[in-house]
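> Sequence first, then the predicted structure:
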There are 2 protein chains.
Amino acid sequence: MQETRLDTDRIRAARRLIDPLFLDTPLYPVQGMEPGLGCAVSVKLETANPVRSFKARGTEVIAGRLVADAAREVVCASAGNLGQALAWSGRDRGLDVTVVASRFAPVAKLDRIRALGARLELVDGDFDLARDRAAAIARHEGIRLVEDSLDLETCEGAATIGLELVDAAPSFDAVLIALGGGAMATGVGQVLKTMAPGVEVICVQPLGAPAMTLSWRQRRVVTTDSTDTIADGVAGRRPIPAVLDDLLVLADDAVLVREESITAGMRMLLDHAGLVVEPSAALGVAAILEDRDRFAGRHVVTIVCGGNVDLARYHRWVGAGR
Amino acid sequence: MQETRLDTDRIRAARRLIDPLFLDTPLYPVQGMEPGLGCAVSVKLETANPVRSFKARGTEVIAGRLVADAAREVVCASAGNLGQALAWSGRDRGLDVTVVASRFAPVAKLDRIRALGARLELVDGDFDLARDRAAAIARHEGIRLVEDSLDLETCEGAATIGLELVDAAPSFDAVLIALGGGAMATGVGQVLKTMAPGVEVICVQPLGAPAMTLSWRQRRVVTTDSTDTIADGVAGRRPIPAVLDDLLVLADDAVLVREESITAGMRMLLDHAGLVVEPSAALGVAAILEDRDRFAGRHVVTIVCGGNVDLARYHRWVGAGR
């Protein structure tokens, strides 16, 4: 395999910096979904922790290293989950955390960032505008900027999900990974392609936020002017070149799914697993719904990556009882 | 401590018979509930597995031993979760499983029992009537009857939750356990009283199904003529004398909660943890809501024991979005 920025030894070292609260998450079959999906589906559940997303795997690594370097302050841009996780990881370590987010981010995410004691700055624009603002704060104040997917700790933290997957029995044929900035896709992809190369690594992005998928397909950075999706956690316009380079090595495929498939996936996870998930976490199920033939008879793992969602919106999207 | 029917070495042996799918479940703080409850609450999440309840810990032990003894058939009465778990544990081991349940049990539970290939017989009455019918089937057909809470495997399986709790850090002050037949309360209680005697063991039952709690308070079996609660998983009328004897040794307290506290607890677990749980799983939060002074400033663990619930009813109970 071609080299990437990632390395298995570094990923193992990262794992040792992560609070066990966020490790060894449940991986289990949801058999009630099999008739509807035509394949065996197991979920890797990243929502059963204090920040309800996988992002703390990365922020634990970042915060642990910052403290070891005697740093006191850190800033990040976030669609909501990274900020919440960084606030959590920073709080007990005495780090001052600033999070820049879109004022259109889910209230549930913004409320939790504040509740965890971080300074929250809202921009009147989308995630990519928040990235610019966070970078400006970091430059102006001379503090560490955390850049999701670009900073290796964010990829290495997410990659620890991959370590747990390759240790799992029984084995599986494919893993479906929500694709946003690419930290999870490259991190998990690195471990699987190194340690379980037979497993297909499939990234899934909404049709309404396709920048990284288009970039992967064209093998060059493609940006978009806007995004239009309920999957706020993966709605970026400007892929990072270094992350794309890694993704080109590590992903077997990148697919785009419709909004109605995402809500149908959320509904299936509620009906058959009792899981309230945010839209990004249903991208994998959506991909199966849109291409049942591809997965027929196979055993697929989908990473349920986040559960921070405004309930009123959630119920509008998925409905209430049957 | 006075002797009970339970033994730590046997509990450790039981653990080795349980599929790892059901072990080492998440234990994590739900900090969003702290302001509303006035204490630190961690959940021990027993719903993130293929049967969405803790009951498979016990049925794995039962099924494992039955197969070792070359048994082929087994019957149980169930409020829904035990039957689903026994069906799961029996299926891959080639056991013929018969489940007797009330026809008033949640459709979600009955559907999954059938989907897992068990023979389901419905009685026109409650759980205690199903117990009588299951016993009659066992006698007539000469097959093994599984009696929840009376059979030590069911207690030992549940007790493995206790092993995981005592291994957890940080430590906690009290554990809140849903009380039905008593398998979970006595199992977890045995481990805690043996290995972490400083932790308060508090059982929680609905006011509308108080038989075991009244029995514990009066130190003799008290039966009731009927039950009236949405917490179908713990709605029994006839406590088992041997289980009561153990509970008298192992429980520090047994409290009763109102229906509206149960639904408020379900709502809190949805709002702050994104968890869709069945009513029995919210008994612990309900107990805190009804006696905040008792728990003020303490660290409490509540076992989220099941998530099998009819969604239409769920939404009637807890409402939809805010």
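Arrived safely.
> Up against chain B, what does the stretch 51-200 of chain A have?
Within the stretch 51-200 of chain A, the positions lying close to chain B (C-beta under 8 Å from any C-beta of the partner chain) are A:52, A:112, A:115-116. All C-beta atoms are positioned from the backbone trio N, CA, C, and that covers glycine.
> To what extent is A:Gly80 buried, counted in neighbours?
28 (other C-beta atoms under 10 Å in any protein chain shown).
> Can you pull the phi and psi angles for it?
phi 140, psi -40 (degrees, to the nearest 10).
> With chain B as the reference, measure out to it.
14 Å (C-beta to the nearest C-beta, to the nearest Å).
> quick one: which helix or strand includes the spatially closest residue to that residue that is not a sequence neighbour?
In this structure, A:Gly80 finds its nearest non-sequential neighbour in A:Lys109, 2.8 Å apart by C-beta to C-beta, 6 or more residues apart in numbering or on different chains. Per DSSP states H and E: A:Lys109 is located in helix A:107-115.
> Okay, buried residues for that helix please.
Using 16 or more other C-beta atoms under 10 Å in any protein chain shown as the test for burial, helix A:107-115 gives A:108-113.
> returning to that earlier point: so the residue nearest to A:Gly80 makes contact with A:Ala87?
No: between A:Lys109 and A:Ala87 there is no contact, the gap being 10.7 Å when judged by C-beta atoms under 8 Å.
> Can you show me the CA trace of stretch A:74-84 as PDB?
C-alpha atoms of stretch A:74-84 as PDB (Å, rounded to 0.1, in the frame of the first residue of the first chain):
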ATOM      1  CA  VAL A  74      -6.800  25.800  22.200                       C
ATOM      2  CA  VAL A  75      -9.200  26.800  19.500                       C
ATOM      3  CA  CYS A  76     -11.100  24.800  16.900                       C
ATOM      4  CA  ALA A  77     -13.800  25.300  14.300                       C
ATOM      5  CA  SER A  78     -16.600  22.700  14.700                       C
ATOM      6  CA  ALA A  79     -19.900  21.700  13.100                       C
ATOM      7  CA  GLY A  80     -20.700  20.900  16.800                       C
ATOM      8  CA  ASN A  81     -19.400  17.500  17.700                       C
ATOM      9  CA  LEU A  82     -15.700  18.300  17.600                       C
ATOM     10  CA  GLY A  83     -16.200  21.400  19.800                       C
ATOM     11  CA  GLN A  84     -18.200  19.500  22.300                       C
END
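> Just checking the distance from that stretch to the centre of its chain.
Its chain's C-alpha centre lies 12 Å from the corresponding centre of stretch A:74-84 when counted by C-alpha atoms, centre = their mean, to the nearest Å.
> I'd like the buried residues of helix A:107-115 laid out as JSON lines, including pLDDT.
Shown next, in JSON lines, are the buried residues of helix A:107-115 (pLDDT from 0 to 100):
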{"residue": "A:Ala108", "pLDDT": "91"}
{"residue": "A:Lys109", "pLDDT": "95"}
{"residue": "A:Leu110", "pLDDT": "96"}
{"residue": "A:Asp111", "pLDDT": "94"}
{"residue": "A:Arg112", "pLDDT": "95"}
{"residue": "A:Ile113", "pLDDT": "97"}
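> hang on, the earlier thing: if I look at the residue nearest to A:Gly80, how far off is B:Ala14?
41 Å (C-beta to C-beta, to the nearest Å).
> again, but for A:Ile113
Noted for A:Ile113: a distance of 43 Å to B:Ala14, by C-beta to C-beta.
> Name all residues that make contact with the closest residue to A:Asp173 other than its chain neighbours.
Residue nearest to A:Asp173 in three dimensions, not counting chain neighbours: A:Arg298, with 4.3 Å by C-beta to C-beta, 6+ apart. Shown in contact with A:Arg298 (C-beta atoms under 8 Å, 6 or more residues apart in numbering or on different chains): A:39-40, A:172-174.
> Low-confidence stretches in the stretch 201-322 of chain A?
Residue ranges of the stretch 201-322 of chain A with pLDDT under 70: A:320-322.
> next SSE after the one helix or strand A:Ala287 maps to?
Using DSSP H and E, A:Ala287 sits within helix A:283-290. Moving toward the C-terminus from helix A:283-290, the first helix or strand encountered (DSSP H and E) is helix A:292-295.
> Could you identify the helix or strand that succeeds that following helix?
Per DSSP H and E, the first helix or strand lying C-terminal to helix A:292-295 is strand A:299-304.
> in its sheet, what does that next one sit against?
Strand pairing for strand A:299-304, using DSSP bridges, gives strand A:40-45 (parallel), strand A:174-178 (parallel).
> Mean pLDDT and mean neighbour count added to these, as TSV?
Shown next, in TSV, are the strands paired with strand A:299-304 (pLDDT from 0 to 100; neighbours: other C-beta atoms under 10 Å in any protein chain shown):
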stretch	mean pLDDT	mean neighbour count
strand A:40-45	98	24
strand A:174-178	98	27
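> Dump those strands to TSV, plus distance to A:Trp317.
Below are the strands paired with strand A:299-304 laid out as TSV (distance: least, C-beta to C-beta, whole Å):
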stretch	distance to A:Trp317
strand A:40-45	19
strand A:174-178	16
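> among these, which is nearest B:Leu244?
Closest to B:Leu244 of the strands paired with strand A:299-304 is strand A:40-45 (C-beta to C-beta; 36.7 Å).
> Give the rounded mean pLDDT of the next helix or strand after that closest one.
Helices and strands here follow DSSP H and E; after strand A:40-45, the next one along the chain is helix A:56-68. Mean pLDDT, helix A:56-68: 97.
> If anything else comes up later, I'll come back, but that's it for now.
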